[in-house]
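Visitor: here is the input, now give the coordinates:
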Amino acid sequence: MKRTFLKTVAVALASMAVGGAFAADITGAGATFPFPMYAKWAEAYKKETGTGLNYQSIGSSGGIRQIRAKTVAFGATDAPVSGADLDKDGMVQFPAIIGGTVPVINLDGFKPGELRVTGPVLAEIFLGKIAKWNDAKLSALNPGKTLPDQSITVIHRADGSGTTFNWTDYLSVVSKEWADSVGKGAAVKWPAASSVGGKGNEGVAANVTRVKGAVGYVEYAYVKKNNMNFLQLQNADGKYVSPDDATFAAAAASADWFSVPGMGISMVNAKGANSWPVSTASFILMYKDPADKAQSAEVLKFFDWAFKNGKGMAAELDYVPLPDSLTAEIRSKVWSQIKK
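Guide: Model prediction:
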């Protein structure tokens, strides 16, 4: 009972943080990855138009469940829904924002980005095969650094998560062992013996901050918000890069959005000397023939406004706004399918 009550309060607070009221004009639910961005857009949109947004930051799997249950006007997911499932559900899908997922650590004596890791070594950490920070493989990647004889605790998402989908997608690409033994998905069985779950990006960030020697993965806005330490990652071109809007944009530069039904492309391990290896998009799900056409129209007005006016706000949080050429295609090819 107590746990259910606290969960309800948490969802209510998340909604208030975006809309400022329970009786919001637009309802949506899903991914925690874009929550800081939607909150910022919603605040500005409310001031300009008077229309509020009630967005429940409950994870991608929750967002998909809510839109399928038709309890919200849009769902948000970082794990794109397949074209076949979109057709079955009678929905469309489009990207709203681009960002990056970042390996974060709690290790005293090192500045953010001072330590480096490759994808295969990172996979061994999350597999539990590398269980100490002074492991020979980590030391070899960081010459001149004195790494501590300290146990590594893996922090992962406890809920169904698009962030987890993209993180495990990346680990599957860079590690055959991960692909064969764990695979990718919104929820997986975490193999490391020392591991702790957290609800949402917020929960993972909180646990990494709390647990000494921890490593986890969160969207970059949470890194900035919580002043978290992070690892540099080696990308597909063999270059070590840090996460920011420039490296996320580099990864997205060659994306062929309409090559996949529902625009659900993967940008993990993208080529390019400046590309961040775990760059991802967050997607919006809407019905082609919505039960509440007035609210559906309001959702499109909100994202239309955000695409036109929200670029600067996105940059402030180190998200990457979609280019005008892409948003024009979304309007003509995707939104045109939604009945007014």
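Visitor: only C-alpha atoms for contact and neighbour calcs from this point on.
Guide: Will do.
Visitor: what strand or helix carries residue 204?
Guide: Here residue 204, judged by DSSP states H and E, is contained in helix 200-210.
Visitor: longest strand in this structure, by residue count?
Guide: Scanning the chain for the strand with the most residues, using DSSP state E, yields strand 91-105.
Visitor: in that one, what's buried?
Guide: For strand 91-105, the neighbour count (16 or more other C-alpha atoms under 10 Å) marks 91-105 as buried.
Visitor: any stretches of this structure with poor pLDDT?
Guide: Scanning the chain for pLDDT under 70 picks out 1-24.
Visitor: what are the ranges of the strands in it?
Guide: Under DSSP E, the chain gives strands at 26-30, 53-57, 74-77, 91-105, 116-117, 153-157, 195-198, 214-219, 229-230, 232-234, 240-241, 279-287.
Visitor: residue 257 is nearest to which of those strands?
Guide: For the strands of the chain, proximity to residue 257 was assessed by C-alpha to C-alpha; strand 91-105 is nearest, at 9.0 Å.
Visitor: next, the angle helix 200-210 makes with the closest one.
Guide: Going by axes from the mean of the first three to the mean of the last three C-alpha atoms, to 10 degrees, strand 91-105 is angled at 0 degrees with respect to helix 200-210.
Visitor: and strand 91-105 with strand 214-219, angle?
Guide: 150 degrees.
Visitor: just grab the bridge partners of residue 281 for me.
Guide: residue 98 (DSSP bridges).
Visitor: residue 100 versus that one, what's the distance?
Guide: Using C-alpha to C-alpha, to the nearest Å, residue 281 is found at 8 Å from residue 100.
Visitor: and residue 47, by the same measure?
Guide: When residue 47 is compared with residue 100 (using C-alpha to C-alpha), they lie 29 Å apart.
Visitor: over to residue 253?
Guide: Taking C-alpha to C-alpha, one finds residue 253 at 14 Å from residue 100.
Visitor: pretty sure residue 321 is touching residue 315, no?
Guide: Yes - counting by C-alpha atoms under 8 Å, residue 321 sits close enough to residue 315 to count as a contact (7.5 Å).
Visitor: neighbour count: the two, which is higher?
Guide: Neighbour comparison, residue 321 and residue 315: the larger count goes to residue 321, with 23 against 15 (by other C-alpha atoms under 10 Å).
Visitor: mind listing what the more buried one touches?
Guide: The neighbours of residue 321, taking C-alpha atoms under 8 Å, 6 or more residues apart in numbering as the test, are 96, 97, 98, 307, 310, 311, 314, 315.
Visitor: my read is that residue 306 contacts residue 39, right?
Guide: No - counting by C-alpha under 8 Å, residue 306 stays clear of residue 39, with 11.4 Å between them.
Visitor: next, the angle from the longest strand of the chain to strand 153-157.
Guide: 160 degrees.
Visitor: any idea how far the residue nearest to residue 83 when sequence neighbours are not counted is from residue 77?
Guide: Of all residues not flanking residue 83 in the chain, residue 261 sits nearest, at 4.7 Å (C-alpha to C-alpha, 6 or more residues apart in numbering). Separation of residue 261 from residue 77 (C-alpha to C-alpha): 15 Å.
Visitor: so between those two, which is more surrounded?
Guide: Set residue 261 next to residue 77 and count neighbours by other C-alpha under 10 Å: residue 77 wins out with 28 against 17.
Visitor: from residue 316, how far off is the more buried one?
Guide: Applying C-alpha to C-alpha to residue 77 and residue 316 gives a distance of 22 Å.
Visitor: same check on residue 277?
Guide: Taken as C-alpha to C-alpha, the span from residue 277 to residue 316 is 21 Å.
Visitor: so which of those two has more stuff around it?
Guide: More crowded of residue 277 and residue 316, by other C-alpha under 10 Å: residue 277, with 31 against 13.
Visitor: quick check: the nearest residue to that one once chain neighbours are set aside vs residue 85, distance?
Guide: In space, and not counting its chain neighbours, residue 277 is closest to residue 269: 4.3 Å by C-alpha to C-alpha, 6+ apart. Distance, residue 269 to residue 85, using C-alpha to C-alpha: 26 Å.
Visitor: does residue 61 touch residue 160 like I think?
Guide: Yes - using C-alpha under 8 Å, residue 61 makes contact with residue 160 at a distance of 5.0 Å.
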